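Peer 1: Attaching a predicted model along with its sequence, questions to come.
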Amino acid sequence: MRILITGAAGFLGSHLSDRLLADGHEIIGLDNFITGSADNIAHLAENEKFSFYKRDVSNYIFVPGKVDAILHFASPASPNPLSKSGYFNLPIQTMKAGALGTHNCLGLARAQNAKFLLASTSEIYGDPEVHPQPETYAGNVDPVGTRAVYDEAKRFAESLTMAYHRFHNVNTSIVRIFNTYGPRMDLDDGRALPNLLKQALLGQPLTVYGDGGQTRSFCYVDDLVSGIIKLLYSDEHLPVNIGNPTEMTILQFAEAINRITENKAGITYVDARSARDPQRRRPDITRAHDILQWEPKVEIDEGIARTIPFFKQKLGLA
């Protein structure tokens, strides 16, 4: 297939490009580098099956030639309020990527009779009152909270995707992505893994908010990409959770990182973050298992070990 990937220079977009190229497809990458990095796709510059255009998906999208599938992954995603590339500091751009960007991509998919796959998020569920979160759970989201620009952009994008499927008969799929990690992720992303792993490699005490009892689940990027590609090839139109259902507290996770990196600096506890920070997050992957025959394979120790060399390189420790 000839596949268009928006956000191709991002963490997930670049890994998807690698995998789909390896599977024999031709890839057209789009990115405006507002959060993505040219470094993530530099190794593809000489690949004859990879072409790249610097574009903002919020504007009209033109791609020469036939397109068989569109994967819409363009959006700021970092929850770090101190990051210039996080959605707290790019609120309008985030909502445009979710609304206008999704509309433009769906319009192109309709015109080209192409498959459309939307990258949605576990943030759809907000601070969940149902645990673990199945796709049938409607969520607990504050539409005017500080995180709403990302949450509501993705919720709108899902609604628009289903409208194009139901009204225009566009072949669509929606993946709800849970916490994912691996090489090429932004070290200043603001999520637990980059924060803690960076501190550990620098020999610093790990910062844990509150008592560390809040939980997360962590999926290695190769597992996530495998699930997304299975969904791309499927005929499933309703949202599908892709993530690792193994849940652990942030304190347990911090202790594991210190053990794996042999960091002796210990742990520092600080005041809990905003109450809007979800306290529990874990996917119910029953649908992914039943429909796609997918489940994660990479254990946390192995995944962190695969991620460490990239972090060391970025930190100047390699």
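Peer 2: Good, I have the coordinates.

Peer 1: C-alpha from now on. contacts and neighbour counts both.
Peer 2: Fine.

Peer 1: Tell me where the stretch 151-300 of the chain has helices.
Peer 2: Counting by DSSP state H, counting those that start in this stretch, the segments of the stretch 151-300 of the chain that form helices are 192-201, 221-232, 250-261, 286-292, 300-314.

Peer 1: I'd like those helices as a markdown table, with mean neighbour count, distance to residue 108 and mean pLDDT appended.
Peer 2: Output for the helices of the stretch 151-300 of the chain, formatted as a markdown table (neighbours: other CA atoms under 10 Å; distance: least, CA to CA, whole Å; pLDDT from 0 to 100):
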| stretch | mean neighbour count | distance to residue 108 | mean pLDDT |
| --- | --- | --- | --- |
| helix 192-201 | 21 | 35 | 94 |
| helix 221-232 | 21 | 17 | 98 |
| helix 250-261 | 19 | 42 | 94 |
| helix 286-292 | 16 | 26 | 97 |
| helix 300-314 | 16 | 36 | 95 |
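
Peer 1: export these to CSV and tack on distance to residue 128?
Peer 2: Output for the helices of the stretch 151-300 of the chain, formatted as CSV (distance: least, CA to CA, whole Å):
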stretch, distance to residue 128
helix 192-201, 18
helix 221-232, 22
helix 250-261, 17
helix 286-292, 18
helix 300-314, 24
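
Peer 1: Can you tell me which of these is nearest to residue 67?
Peer 2: Closest to residue 67 of these, according to CA to CA: helix 221-232, at 14.2 Å.

Peer 1: now the closest one, how far from the chain's geometric center?
Peer 2: Chain-centre distance of helix 221-232: 11 Å, with CA atoms, centre = their mean, to the nearest Å.

Peer 1: Which among the helices of the stretch 151-300 of the chain is found nearest to residue 98?
Peer 2: Closest to residue 98 of the helices of the stretch 151-300 of the chain, according to CA to CA: helix 221-232, at 18.6 Å.

Peer 1: Residues contacting that closest one, please?
Peer 2: Helix 221-232 is contacted by residues 12, 15-16, 19, 115, 117, 173, 175, 177, 180-182, 242-243, 288, 292, 294-298 when judged by CA atoms under 8 Å, 6 or more residues apart in numbering.

Peer 1: can you tell me which residues contact residue 245?
Peer 2: 217, 282, 283, 284, 285.

Peer 1: can I get these in TSV with neighbour count?
Peer 2: Below are the contacts of residue 245 laid out as TSV (neighbours: other CA atoms under 10 Å):
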residue	neighbour count
217	21
282	25
283	25
284	19
285	22
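
Peer 1: ok, back up a step: of the contacts of helix 221-232, grab the buried ones for PyMOL.
Peer 2: Buried subset of those, written as a PyMOL selection, criterion 16 or more other CA atoms under 10 Å:
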select buried, resi 12+15+16+115+117+173+175+177+180+181+182+242+243+288+292+294+295+296
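
Peer 1: Can you pick out the ones from the contacts of helix 221-232 that are in strands?
Peer 2: When those are checked against strands (DSSP state E), the matches are 115, 117, 173, 175, 177, 180, 181, 242.

Peer 1: so the second one sits right up against residue 72, yeah?
Peer 2: Yes - the pair residue 117 / residue 72 is scored as a contact, 6.3 Å apart, by CA atoms under 8 Å.

Peer 1: give me the number of residues near the closest residue to residue 218 other than its chain neighbours?
Peer 2: Nearest non-adjacent residue to residue 218, counting by CA to CA, 6 or more residues apart in numbering: residue 179, 5.2 Å away. Residue neighbour count, defined by other CA atoms under 10 Å, stands at 23 for residue 179.

Peer 1: Kindly report the same for residue 24.
Peer 2: Close neighbours of residue 24, defined as other CA under 10 Å, add up to 11.

Peer 1: Could you say which helix or strand holds it?
Peer 2: Using DSSP states H and E, residue 24 sits in no helix or strand.

Peer 1: For it, grab phi and psi.
Peer 2: Main-chain dihedrals, residue 24, degrees, to the nearest 10: phi 100, psi 0.

Peer 1: please begin residue numbering at 59 from this point
Peer 2: New numbering, starting at 59: the last item is residue 82.

Peer 1: Show the contacting residues for it.
Peer 2: Residues near residue 82 by CA under 8 Å, 6+ apart: none.

Peer 1: any idea how far it is from residue 128?
Peer 2: Using CA to CA, to the nearest Å, we find residue 82 at a distance of 16 Å from residue 128.

Peer 1: Model confidence at the residue of the chain most remote from its centre, what's the number?
Peer 2: Largest separation from the mean C-alpha position in the chain: residue 322, at 31.1 Å (CA atoms, centre = their mean). On pLDDT, residue 322 comes in at 95.

Peer 1: so it makes contact with residue 264?
Peer 2: No - contact status for residue 322 versus residue 264: not in contact, 10.1 Å apart, counting by CA under 8 Å.
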